[in-house]
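**Student:** coords please:
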Amino acid sequence: MARGLPEMLVLDILSKLPVKSLTRFKCVCKLWSSSFQTPLFITQHHHNHLTNDHLNHLVKRCDGETLSDLCYFSQLSAEKGQDFSLKQNIHLPVFEIEYYTHDVKVHGPQNGILCLVCDVNICLWNPSTREFKILPQSSNQRLPSAARTRFAGLGFGYDSQTDDYKVVRFIANIFEYGCYGTSCYDHTTVQVELYSLKGNSWKEISDPMISEPDVGVCDTTLPDNYVNGFYYWHSYDDSILSFDMVNERFSTLPLPGFNLPVELLNYNGLLGAIVYPRQGTPKSFDLWVMNGFWTKQFSIESVPGVERPLGFWKNGELFLESSDNELVLFDPSTREFKNLGIHSYKETQMVAYVESLVPINGRSEHEEHVIRRTVEDKVG
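**Tutor:** I've put the predicted structure just below:
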């Protein structure tokens, strides 16, 4: 420990440093190295970075228009005021398999951890510590009489009571009744499975809320639908389905008749809903927040050349994707738009996270052959 300074004071100072610095400082002494792995230090470090609003942004991108084009993540930097730039590109070879390449979805973050999903492949990733964990395949049996199955939704959240990270996913079992003329008929039931990071295993959940036939949830492009212990989905019946990560139970909330498609998200610790038309131009965007009842926060009226929302920046500014596949930032306080000069390509998602030291009992990026290159370097 540094000479002349109390141990707790030194650790308090260190807890304000970025993960990259702490990784280097592990070799200073054994006490520092062991202290960085304690729950108290990990919690304090993450809290400090949350308090100081040290946001990091990753943009999921695909360069081309075909299924053979690979997806990757670009780290978005805004170290010089509001002048955004791309710092590095991150390629994840675990997903570079045939038709999986375009279909990677991001969920989270939860305390700095992201959940990446590509069909049956699910991974947890801490981009700060560069730890990577491929989840085991489920051993639960699908219904043998089903003609086919498919994954029909997923959520990623945190159980604060057990300090556990959980993944809940829906599996649709499709039964074909037969074809009459040119029409074919089928019937779908849903199974739900829950993964626990602490147990590193899946289990099936039986809940009357999801036992009805043809239950389903809408896919979302916004990554963070977890709010205060609950994960939320917009269901096919135009209500909101929620899952309690602690009690492992489903419930529903009414969704006001917006008469337009809805994207749910965590908005400053409350459940939010961005309402906008998927088709046509110019677009209008409304942000609603649930705090006992739904209230409208702001509207963006008749904006030409803008396609969809991607997420929020530090002071409530909204990232949008333009019809020219460019990233745009809207400031609701000034109602001004700023083109960031960054091409978003196809299947874009944006995720904001705060650095953390939370372990996920996985392997290093190096072991999983994850490739990080500066944007100026060509990635093969």
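**Student:** who touches the nearest residue to Ser160 once chain neighbours are set aside in this structure?
**Tutor:** Leaving aside its sequence neighbours, Ser160 sits nearest to Gly229 (CB to CB, 6 or more residues apart in numbering; 6.4 Å). Every C-beta, even on glycine, is put in place using the N, C-alpha and C of the backbone. Gly229 makes contact with 157-160, 244-246, according to CB atoms under 8 Å, 6 or more residues apart in numbering.
**Student:** narrow these to just the buried residues.
**Tutor:** Among these, those that count as buried by neighbour count (16 or more other CB atoms under 10 Å) are 157-159, 245.
**Student:** the helix or strand hosting Tyr232 - what's its average pLDDT?
**Tutor:** Applying DSSP states H and E as the criterion places Tyr232 in strand 230-234. Averaged over strand 230-234, pLDDT sits at 92.
**Student:** same check, this time on stretch 23-35
**Tutor:** If you average the per-residue pLDDT over stretch 23-35, you get 79.
**Student:** list the buried residues for that stretch?
**Tutor:** Within stretch 23-35, the residues that count as buried by 16+ other CB under 10 Å are 32, 35.
**Student:** end to end on that stretch, go ahead and measure it.
**Tutor:** Across stretch 23-35, the straight-line distance between its terminal residues is 12 Å, by CA to CA, to the nearest Å.
**Student:** can you give me how far that stretch is from the chain middle?
**Tutor:** 31 Å (CA atoms, centre = their mean, to the nearest Å).
**Student:** what sits up against it?
**Tutor:** Contacting residues not belonging to stretch 23-35 are listed as 1, 7, 11, 14, 17, 36, 41, 129 [CB under 8 Å, 6+ apart].
**Student:** how close does the last one sit to Ser364?
**Tutor:** In this case it means Thr129. Applying CB to CB, to the nearest Å, one obtains 9 Å for the distance of Thr129 from Ser364.
**Student:** the helices in the stretch 1-150 of the chain, which residues?
**Tutor:** Under the criterion DSSP state H, counting those that start in this stretch, helices of the stretch 1-150 of the chain are mapped to 7-14, 19-25, 30-35, 39-51.
**Student:** Thr129 and Ser364: which has the busier surroundings?
**Tutor:** A direct count of neighbours by other CB atoms under 10 Å for Thr129 and Ser364 places Thr129 higher, at 22 against 11.
**Student:** surely that one meets Leu22?
**Tutor:** No. Assessed by CB atoms under 8 Å, Thr129 is found out of contact with Leu22, at 9.3 Å.
**Student:** mutual contacts of those two, please.
**Tutor:** Applying CB under 8 Å, 6+ apart, one finds that Thr129 and Leu22 are jointly contacted by Leu357.
**Student:** any low-confidence regions in the stretch 1-150 of the chain?
**Tutor:** Counting by pLDDT under 70, the stretch 1-150 of the chain has low-confidence residues at 1-5, 63-69, 79-82, 95-103, 141-148.
**Student:** how about 50 then?
**Tutor:** Within the stretch 1-150 of the chain, the set of residues satisfying pLDDT under 50 comprises 1-2, 67-68, 99-101.
**Student:** can you map out the strands along it?
**Tutor:** Listed from the start of the chain, the stretch 1-150 of the chain has strands (DSSP state E, counting those that start in this stretch) covering 55-62, 71-80, 83-91, 105-110, 113-118, 121-126, 131-134, 148-159.
**Student:** could you save these as TSV and add columns showing distance to His49?
**Tutor:** TSV is the format used below for the strands of the stretch 1-150 of the chain (distance: least, CB to CB, whole Å):
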stretch	distance to His49
strand 55-62	9
strand 71-80	15
strand 83-91	18
strand 105-110	12
strand 113-118	14
strand 121-126	13
strand 131-134	17
strand 148-159	17
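**Student:** one step back: ok, and the most crowded of the contacts of stretch 23-35?
**Tutor:** Thr129 (22 neighbours).
**Student:** now the strands for the stretch 251-380 of the chain?
**Tutor:** Counting by DSSP E, counting those that start in this stretch, residue ranges of the strands within the stretch 251-380 of the chain are 262-267, 270-275, 283-290, 294-303, 306-312, 318-322, 326-331, 336-343, 349-354, 363-364, 371-374.
**Student:** give the rounded mean pLDDT of the first one.
**Tutor:** Averaging pLDDT along strand 262-267 yields 89.
**Student:** what of the fifth one?
**Tutor:** pLDDT averaged over strand 306-312 equals 85, rounded to a whole number.
**Student:** who does that strand touch, helix- and strand-wise?
**Tutor:** Counting contacts by 3 or more CB pairs under 8 Å, 6 or more residues apart in numbering; DSSP states H and E, strand 306-312 packs against strand 262-267, strand 283-290, strand 318-322, strand 349-354.
**Student:** out of those strands, nearest to His54?
**Tutor:** Between His54 and the helices and strands packed on strand 306-312, the tightest spacing by CB to CB is seen for strand 349-354, at 5.9 Å.
**Student:** what are the pairing partners of that closest one, and which direction each?
**Tutor:** Strands that pair with strand 349-354, judged by DSSP bridges, come out as strand 55-62 (antiparallel).
**Student:** contacts for the partner strand?
**Tutor:** 69-76, 78, 86, 90, 101-102, 104, 106, 114, 127-128, 313-314, 327, 342, 344-355.
**Student:** next, the angle from it to strand 83-91.
**Tutor:** 60 degrees (axes from the mean of the first three to the mean of the last three CA atoms, to 10 degrees).
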